[in-house]
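Asks: no FASTA, just this:
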């Protein structure tokens, strides 16, 4: 399996619904480091998994509308707990829409909350 990974980050605010979240039920901030890892079994005709510059641009484009936002106020997240796990899924779906016509493989999105905690979502594009 071959892979190429690119990173960026976002700063967001959000809150959670449910007793399990304790103090995180209150509005709080988070800075996520996001890694998008593209994986394929075979390289393309040019010897690539995906063009790195293109992958960086697409990740940046997907993250830009989320950066410095209170996720609680965004329509696409109404009624959803924007957990690290869910945000991995959401970012995966947005990137998949942009690369689906030319990338055929697996995409893994990892959100690092800190140096000791992170979550991922991985699926075929």
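Replies: All right, it came through fine. This structure is a prediction, so every number in the text was calculated from the model and none was measured.
Asks: In the protein, mark out all the strands, start to finish.
Replies: Ranges of strands within the chain are 2-14, 28-40, 69-70, 106-112, 118-124, based on DSSP state E.
Asks: excluding its backbone neighbours, what's nearest the residue most central in space within the chain?
Replies: In the chain, the residue lying closest to the centroid (C-alpha atoms, centre = their mean) is residue 91, at 3.7 Å. Using C-beta to C-beta, 6 or more residues apart in numbering and skipping the chain neighbours, the partner closest in space to residue 91 is residue 109 (4.9 Å). Bear in mind the C-beta positions are built from the backbone N, C-alpha and C, glycine included.
Asks: pLDDT at that neighbour, what is it?
Replies: On pLDDT, residue 109 comes in at 99.
Asks: pretty sure it is in contact with residue 125, am I right?
Replies: No - between residue 109 and residue 125 there is no contact under C-beta atoms under 8 Å: 11.2 Å.
Asks: Identify the contacts common to these two.
Replies: Here residue 109 and residue 125 have residue 95 as joint contacts, going by C-beta atoms under 8 Å, 6 or more residues apart in numbering.
Asks: quick one, which of these two is more surrounded?
Replies: Counted by other C-beta atoms under 10 Å, residue 109 and residue 125 do not tie: residue 109 has more neighbours, with 25 against 20.
Asks: Could I get the contacting residues of residue 56?
Replies: With C-beta under 8 Å, 6+ apart, residue 56 has these contacts: 6, 8.
Asks: From residue 94, how far off is it?
Replies: According to C-beta to C-beta, to the nearest Å, residue 56 and residue 94 sit 15 Å apart.
Asks: Many thanks, I have nothing further to ask.
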